[in-house]
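Engineer: 3D, please:
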Amino acid sequence: MENLCDALIDEILSRLRLKSAVMCKSISKRFNTLISAPQFVNKLTLRKSSILHCSYDSPTKYNFNVALYPDEETGFSVKQLPHPMNRILAYCNGLLLLRRSKQSVLVLNPVTKRSQVIEHQQFPGEALGLAVEPISSSLQQYKVIYTYEYRKDVYRFRIFSSDTMSSKTSMTELSCIGSKFYDSALPVYSHGSLHWLRNCGDIVAFDVEKEVARIIKLPTDFPLPFSYAKSRFGELKGLLTLISTSGEEILVWILNDNKKGEWVVKTRITNVIDWEWPIRIPIFYDGEILVLHQRQRGDEGELRMYDIVADKWRKFGVVEGKMDNVQDFVPFVPSIAEIKTTTDHFYFQSSAFLHVRQSIEDFMIEEWYPRAIYANRRL
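Structural biologist: Here you go, the predicted structure:
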């Protein structure tokens with residue numbers, strides 16, 4: 001290995017499973033430097049990016065994941081997770097925020113297995129969010145934000161910081177019409193602020209560093225009410241996005257001016273196929289491709305990918321089994337960066353933690369073969 005050039009070692013390491021790549025950092029200083037380099041980290045994590053799906057109401061706790069950028073040799077792979085998943089509350093930069101119990105939540109990096117349990121008593125109608133910022137290519141800091149209606153039409157924010165490993169209540173109060181947060185739309189972290197979608201048709205935004213809160217209105221022509229079966233709330237290169245699907249067209253809005261709250265239509269797709277599918281769930285969008293999970297009510301579904309430049313659709317997976325009404329579709333980009341914790345992540349034996357960790361490890365193992373789900377390769 002000593003005689004191999006860095007470029008060749010880089011290519012070999014990038015084809016390893018994430019867990020194996022992290023372990024290789026201890027081989028030598030050279031390997032540690034190569035694996036810790038931002039260029040290598042971006043290359044490795046992009047290859048392992050996937051859509052993680054979790055459902056919670058069905059007795060079988062139906063979960064799967066699908067690779068977003070498969071290589072030419074393996075093609076697309078849709079895998080069922082054999083273990084039920086705890087409820088995903090938020091995702092940001094390779095970390096997951098999961099509901100551990102009514103009294104606590106869990107921040108988890110499933111690649112490095114680092115985790116932090118945060119004790120938290122639930123507030124009625126609250127919403128939680130996760131903000132993660134890289135300190136370096138090998139270390140991340142994070143904050144967990146709770147927002148809740150402190151009194152009628154007044155919201156407060158509570159912050160847990162990994163820097164201090166403690167929580168505080170922000171002095172910031174947001175006065176606005178009270179409304180429930182939309183459960184099926186995960187919060188989005190963008191431009192230093194966390195964003196929560198509300199049922200009344202607006203977004204609560206909270207600047208994590210400045211501790212400033214405001215309301216962002218949705219586009220005036222966005223169809224309400226927001227529905228998981230036809231809409232998506234996310235981000236694209238730091239910009240908030242909203243997606244709406246119908247039998248006639250698919251529209252993607254982006255928040256073009258964050259300060260003024262101005263939305264513009266980024267993508268309009270009129271090449272809509274398979275009109276008979278009543279449920280079209282947009283689950284991923286990166287400006288170049290759009291992924292839909294479409295199905296008949298109660299029947300098996302399929303995954304369709306739309307190439308925006310080529311204006312072409314292709315079917316790349318079939319999902320068997322009925323789905324429930326509480327679902328999360330998480331575009332999961334793994335991270336090999338460490339996080340600060342106060343718990344010993346190797347010996348923390350909570351059943352909730354082990355369940356979550358095993359579920360995510362299962363979809364990272366490339367040799368794991370799916371049983372109840374299959375995918376078409378190289379379509």
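
Engineer: okay, CA-based contacts and neighbour counts for the rest of this
Structural biologist: Fine.

Engineer: quick one: contacts for the closest residue to Glu119 other than its chain neighbours?
Structural biologist: Leaving aside its sequence neighbours, Glu119 sits nearest to Ser104 (CA to CA, 6 or more residues apart in numbering; 4.3 Å). By CA atoms under 8 Å, 6 or more residues apart in numbering, Ser104 lies in contact with Val117, Ile118, Glu119, His120, Gln121.

Engineer: repeat that for 10 Å
Structural biologist: The contact partners of Ser104, taken as CA atoms under 10 Å, 6 or more residues apart in numbering, are Leu98, Val117, Ile118, Glu119, His120, Gln121, Gln122.

Engineer: was I right about the last one contacting Arg100?
Structural biologist: Okay, so that is Gln122. No: Gln122 lies out of contact with Arg100 (CA atoms under 10 Å); the separation is 11.6 Å.

Engineer: the more surrounded of the two?
Structural biologist: Neighbour totals were compared for Gln122 and Arg100, and Arg100 leads with 21 against 16 (other CA atoms under 10 Å).

Engineer: where does that one sit: helix, strand or coil?
Structural biologist: strand (DSSP: H, G, I helix; E, B strand; the rest coil).

Engineer: ok, it touching Arg87?
Structural biologist: Yes: contact criterion CA under 10 Å: Arg100 and Arg87 qualify, at 8.0 Å.

Engineer: one step back: which residues does the residue nearest to Glu119 bridge with?
Structural biologist: Note on Ser104: beta-bridge partners Ser101, Glu119, judged by DSSP bridges.

Engineer: from Arg295, how far off is it?
Structural biologist: 35 Å (CA to CA, to the nearest Å).

Engineer: what about the strand ranked longest in the chain, distance to the chain center?
Structural biologist: As assigned by DSSP state E, the longest strand anywhere in the chain is strand 139-151. Relative to the centre of its chain, strand 139-151 is centred 17 Å away, using CA atoms, centre = their mean, to the nearest Å.

Engineer: so which elements touch the helix or strand just after it?
Structural biologist: Counting by DSSP states H and E, the next helix or strand C-terminal to strand 139-151 is strand 154-161. Counting contacts by 3 or more CA pairs under 10 Å, 6 or more residues apart in numbering; DSSP states H and E, strand 154-161 packs against strand 127-136, strand 139-151, strand 166-175, strand 212-217.

Engineer: for the most centrally placed residue in the chain, give me its contacts.
Structural biologist: Nearest to the mean C-alpha position of the chain, by CA atoms, centre = their mean, lies Val330 at 3.4 Å. By CA under 10 Å, 6+ apart, the contact set of Val330 is 50-54, 65, 88, 90-92, 96, 186, 234, 283-284.

Engineer: what's the closest non-adjacent residue to Ser161?
Structural biologist: Using CA to CA, 6+ apart, the nearest residue to Ser161 is Lys143, at 4.5 Å.

Engineer: specify the beta-bridge partners of that neighbour.
Structural biologist: Beta-bridge partners, per DSSP bridges, of Lys143: Ala131, Ser161.

Engineer: cool, and Ile339?
Structural biologist: What pairs with Ile339, by the bridge criterion (DSSP bridges), is Gln140.

Engineer: roughly how far does Lys168 sit from Arg156?
Structural biologist: 11 Å.

Engineer: ok, Asp183 next?
Structural biologist: For Asp183 relative to Arg156 (CA to CA), the value is 19 Å.

Engineer: ok, now Gln140?
Structural biologist: 26 Å.

Engineer: any idea which element the nearest residue to Lys25 once chain neighbours are set aside lies in?
Structural biologist: What sits nearest to Lys25 in space, not counting adjacent residues and going by CA to CA, 6+ apart, is Asn32, at 4.1 Å. Using DSSP H and E, Asn32 sits within helix 29-36.

Engineer: skip ahead from that helix and say which helix or strand is next.
Structural biologist: Following helix 29-36 in sequence, per DSSP H and E, is helix 38-47.

Engineer: what packs against that following helix?
Structural biologist: Helix 38-47 packs on helix 6-14, helix 18-23, helix 29-36, going by 3+ CA pairs under 10 Å, 6+ apart.

Engineer: now for those helices, which one comes closest to Leu197?
Structural biologist: Leu197 lies closest, by CA to CA, to one member of those: helix 18-23, at 32.8 Å.

Engineer: before we move on, the earlier item: between Lys168 and Arg156, which one's more packed in?
Structural biologist: Comparing Lys168 with Arg156 by other CA under 10 Å, the one with more neighbours is Arg156, at 19 against 11.

Engineer: quick one: pLDDT of the residue nearest to the more buried one when sequence neighbours are not counted?
Structural biologist: Of all residues not flanking Arg156 in the chain, Glu173 sits nearest, at 5.0 Å (CA to CA, 6+ apart). Per-residue pLDDT puts Glu173 at 96.
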